[in-house]
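[1] Show me the folded form of this:
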Amino acid sequence: MTRYDPIPASFFMKNRQKLAARLKPNSIAIINANDQFPKNGDQTFPFRQNADLFYLSGLEQEKTILLLFPDCKVERNREIVFILESNESLEIWEGHKYRKDEVTAISGVQNVMFLGQFEMVLHELLASAENVYLNLNEHPRFTTEVPYRDKRFSAWMHEHYPHHHFERLAPLMTQLRLKKEPEEIDLMKKAIEITHKGFLRVLKTVRPGMKEYELQAEIDHEFTISRASGHAYQPIVASGKNALCLHYESNNDEMKDGDLVLLDFGADYANYASDLSRTIPVNGRFTPRQKEVYHAVLETFYEARNLIRPGTTIDEINGNVNKIIEKQCIKLGLFTEEDVKNQNPDKPLYFKYFMHGNSHFLGLDVHDCGTKQTILEPGMVLTCEPGIYIAEEN
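    Next up is the predicted model:
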């Protein structure tokens, strides 16, 4: 049972068909669930499914493996899901685990086996496969010292089947996930709708003397009663000078009269992310200078939004937005046109006031797959997040 409305199995079946069409002939693709990450003692962090596995199956349970072999001569082995074999003791402590018929109902995969059968079945199928697609997290901004499940599995496969030809699955999954299906757009609209409700609640409750975490609690409450799975990323409620830290997350300070508060949050609905950035006055009234800066960013937003169109790239969008921000900074008196003429090209003056990109892809991850050089096509979803940060004016 999930908080979100059931997603038709036909959506996941369609996604698997699209992937199968991109695999080389006589290939197997294997996608693992995410790890359950340890917290402290005997505790683990809340489980979050591997986005690629969810995209292809809709399954939310840990210790799950999806194996695809589209050209297998035995039709029932062209799609197999391996799941944890539950028992009474496990379910007393951890709750319900998938039954085989539930896996089929969610994913559309007919052949469901228990994990204990995986190595034997894999060994048999590999005897007639030429290529094996393994999945790794190849997000351009991802680095980790932790050998996560897909990485460990890749090492195991190379050790046990060194003479097989291995292929990268990540580029194919990126191609698929970049262009959203209508079902995905609907889910993201729902996430955005919940985020909007959270923002309206903030506008009604924010006041001087309130703690940042109290304002976050209003968002948390709205998300929960609206059936969001939670936050798509750690929410930022940054008042005063805290807004100058791009990833401020402690949300502990008191919001003072006369300060602005920067809000950066988004609901997660059915594993799909939303992303909202807004800045409002704590006391409900902008000062003349705050209003001037606010409108400079708002004008930039409207111009930047028009730049997001098929045929361009995020790099191109960011470059053009930087020029718009530069003009706005001149209008705000932060530097002059003469200063710009004399600036170091490697250290442009606007970068002091706008030090991040304007856009990123959005989907199953808040910073979804794709690069800044990806040529935009219809169906891709991006954020639009310009800003001006003036440290000397708090």
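[2] Pull the residues that contact the longest helix seen in the chain.
    Assignment by DSSP state H gives helix 182-205 as the longest helix of the chain. Here helix 182-205 makes contact (CB atoms under 8 Å, 6 or more residues apart in numbering) with 4, 7-8, 11, 180, 215, 218-219, 221-223, 226-228, 232, 263, 265-270, 272-274, 276, 278, 280, 362-363, 381. No exception for glycine: its C-beta is placed from N, CA and C like everyone else's.
[3] care to break the chain down by domain?
    Following the assignment in automatic domain parsing, the chain carries domains at 9-178, 179-285, 286-394.
[4] now, of the ones you listed, which is deepest in the fold?
    domain 179-285 (a mean of 18; mean count of other CB atoms under 10 Å).
[5] can you give me the end-to-end distance of it?
    41 Å (CA to CA, to the nearest Å).
[6] how about the strands in the chain?
    Secondary structure of the chain by DSSP state E: the strands cover 27-32, 65-68, 79-83, 111-114, 131-134, 165-168, 230-231, 236-239, 260-265, 267-269, 272-273, 276-281.
[7] Give me the mean pLDDT for the fourth one.
    Averaging the model's pLDDT scores along strand 111-114 yields 98.
[8] next one: phi and psi at the nearest residue to Glu91 once chain neighbours are set aside?
    Residue nearest to Glu91 in three dimensions, not counting chain neighbours: Lys97, with 6.3 Å by CB to CB, 6 or more residues apart in numbering. Per-residue torsions, Lys97: phi -120, psi 160 (degrees, to the nearest 10).
[9] which ones are touching Lys97?
    Lys97 neighbours (CB under 8 Å, 6+ apart): Gln61, Ile83, Leu84, Ser86, Leu90, Glu91.
[10] Same check on Leu244?
    Tyr389, Ala391.
[11] State the distance from it to Asp253.
    Leu244 sits 13 Å away from Asp253 when distances are taken as CB to CB, to the nearest Å.
[12] One more: His196?
    For His196 relative to Asp253 (CB to CB), the value is 26 Å.
[13] now Gln234
    Distance of Gln234 to Asp253, given as CB to CB: 16 Å.
[14] How about Gln328?
    Plainly put, Gln328 is 28 Å away from Asp253 if you go by CB to CB.
[15] likewise Gln17?
    Plainly put, Gln17 is 51 Å away from Asp253 if you go by CB to CB.
[16] First-to-last residue distance for stretch 259-273?
    End-to-end for stretch 259-273, by CA to CA: 29 Å.
[17] mind checking how far that stretch is from the chain centre?
    Its chain's C-alpha centre and that of stretch 259-273 lie 12 Å apart, by CA atoms, centre = their mean, to the nearest Å.
[18] Stretch 109-121 too?
    29 Å.
[19] What lies in contact with it?
    Against stretch 109-121 from outside (CB under 8 Å, 6+ apart): 57, 63, 65-67, 76-77, 79-85, 100, 103-104.
[20] one step back: using PDB, write out the CA atom coordinates for the longest helix of the chain.
    Extracted in PDB, the C-alpha atoms of helix 182-205 (Å, rounded to 0.1, in the frame of the first residue of the first chain):
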ATOM      1  CA  PRO A 182       2.400  11.600 -20.100                       C
ATOM      2  CA  GLU A 183       2.000   9.500 -16.900                       C
ATOM      3  CA  GLU A 184       5.200  11.000 -15.500                       C
ATOM      4  CA  ILE A 185       4.100  14.500 -16.300                       C
ATOM      5  CA  ASP A 186       0.900  13.900 -14.400                       C
ATOM      6  CA  LEU A 187       2.800  12.600 -11.400                       C
ATOM      7  CA  MET A 188       5.100  15.600 -11.400                       C
ATOM      8  CA  LYS A 189       2.200  18.000 -11.700                       C
ATOM      9  CA  LYS A 190       0.800  16.300  -8.600                       C
ATOM     10  CA  ALA A 191       4.100  16.800  -6.800                       C
ATOM     11  CA  ILE A 192       4.100  20.500  -7.900                       C
ATOM     12  CA  GLU A 193       0.500  20.900  -6.700                       C
ATOM     13  CA  ILE A 194       1.400  19.700  -3.300                       C
ATOM     14  CA  THR A 195       4.500  22.000  -3.200                       C
ATOM     15  CA  HIS A 196       2.200  24.900  -4.100                       C
ATOM     16  CA  LYS A 197      -0.100  24.100  -1.200                       C
ATOM     17  CA  GLY A 198       2.900  24.100   1.100                       C
ATOM     18  CA  PHE A 199       4.000  27.500  -0.200                       C
ATOM     19  CA  LEU A 200       0.600  29.000   0.300                       C
ATOM     20  CA  ARG A 201       0.600  27.600   3.900                       C
ATOM     21  CA  VAL A 202       4.000  29.300   4.500                       C
ATOM     22  CA  LEU A 203       2.600  32.700   3.300                       C
ATOM     23  CA  LYS A 204      -0.200  32.400   5.800                       C
ATOM     24  CA  THR A 205       2.000  31.500   8.800                       C
END
